[in-house]
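1. Here's a sequence, model it:
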Amino acid sequence: MSLFTLSSALVFVILAIILSKSLKLGLEKDLLISSFRATIQLLLIGYVLSFIFSANHPLFILLMISLMIGVAAQNVVRKGHGFPGIHLRVLATLAIIEIIAMTFLLGLNIIPPAPRYVIPISGMIIGSSMVICSLLLNRLTAELQSRKAEVLVILSLGGSPKQAIQSLLKDTIRASLIPTIDGTKTIGLVQLPGMMTGQIIAGADPIQAVRYQLIIVFSLLAMASLTSIILGLLLYPSLFNQHQQLIFEET
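-> The predicted structure follows:
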């Protein structure tokens, strides 16, 4: 693809800016900054990945995955200020999910132990888990704010923190998984996934592309469920003190 062809895609950004200006939405600056950041970030990651692929060293792969986990956790933490120790818990959740996913994918020889497979698939899994973490925190915050009295009543009647939070936590986990489940139901009908589309555009056999995409779909679905459960279980004890009192701070 030539630079001219790539630059032509800026027409879409310009169109969005014109519409924002015409409708007085005030999004012109955000659209420009977002487009600029996306361009710089993707160019940088392209050069970094080229170096890692050519080096083909496990240390560089590990550093890249660690960076992705760190950035993802930092993004999630912004939405969880009311939860004590949220940063460490999110980091632990994302790291556990990545270890589980790669153990199965590499251990069962589903993907080769090469950076061009491990890094992109890790990015998809970490990115999906990041979204699940954010959804869970947002929903848990809303549930605690609306059902705080329910939790306090159960505690006052002698219930344990686990009993007090159990129903609320189940509803939170269930709600955080709805987008992933709905997306999986309509895959191939409403949307063609990015990995599959990219492979087909690159000239890969569509059936082979579908097989790789199914690996991703099954992995993301399983890891999404585990992400919600693990983060929920790691998080709820921090909502109570040693006297079994709710200490959640509304923000």
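
2. what about the stretch 151-251 of the chain, any weak spots by pLDDT?
-> 190-191, 249-251 (pLDDT under 70).

3. what does the domain assignment say about the chain?
-> Per automatic domain parsing, the structural domains of the chain span 1-55, 57-239.

4. Endpoints of the last one, how far apart?
-> What that stands for is domain 57-239. 42 Å (Cα to Cα, to the nearest Å).

5. Equivalent analysis for stretch 148-165, please.
-> 10 Å.

6. for stretch 228-245, same thing?
-> Rule used - Cα to Cα; the end-to-end distance of stretch 228-245 is 24 Å.

7. Name the residues that touch that stretch?
-> Residues outside stretch 228-245 that contact it (Cβ atoms under 8 Å, 6 or more residues apart in numbering): 83-86, 89-90, 92-93, 96-97, 132-133, 136, 140, 144, 155, 160-162, 165, 169, 172-173, 176-177, 246-248. Every C-beta, even on glycine, is put in place using the N, C-alpha and C of the backbone.

8. likewise stretch 184-196?
-> Against stretch 184-196 from outside (Cβ under 8 Å, 6+ apart): Pro120, Met124, Gly183, Ala209, Val210, Tyr212, Gln213, Ile216, Val217, Leu220, Leu221.

9. Just the buried ones out of those, please.
-> Met124, Gly183, Ala209, Val210, Tyr212, Gln213, Ile216, Val217, Leu220, Leu221 (16 or more other Cβ atoms under 10 Å).

10. helices or strands up against the helix or strand hosting the first one?
-> Read it as Met124. Assigned by DSSP states H and E, Met124 belongs to helix 115-156. Judged by 3 or more Cβ pairs under 8 Å, 6 or more residues apart in numbering; DSSP states H and E, helix 115-156 is in contact with helix 28-55, helix 58-77, helix 86-107, helix 161-185, helix 206-235.

11. re earlier: between the buried ones among the contacts of stretch 184-196, which sits nearest Phe4?
-> The closest of these to Phe4 turns out to be Ala209 (Cβ to Cβ; 28.1 Å).

12. thinking again about what came up before, what angle do the helix holding Met124 and helix 86-107 make?
-> 130 degrees (axes from the mean of the first three to the mean of the last three Cα atoms, to 10 degrees).

13. how far off helix 161-185 does helix 115-156 point, in degrees?
-> 140 degrees.

14. How far off centre is helix 115-156?
-> 10 Å (Cα atoms, centre = their mean, to the nearest Å).

15. Kindly reformat the helices and strands packed on helix 115-156 as JSON lines containing distance to Phe4.
-> Formatted as JSON lines, these follow (distance: least, Cβ to Cβ, whole Å):
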{"stretch": "helix 28-55", "distance to Phe4": "15"}
{"stretch": "helix 58-77", "distance to Phe4": "31"}
{"stretch": "helix 86-107", "distance to Phe4": "39"}
{"stretch": "helix 161-185", "distance to Phe4": "35"}
{"stretch": "helix 206-235", "distance to Phe4": "28"}
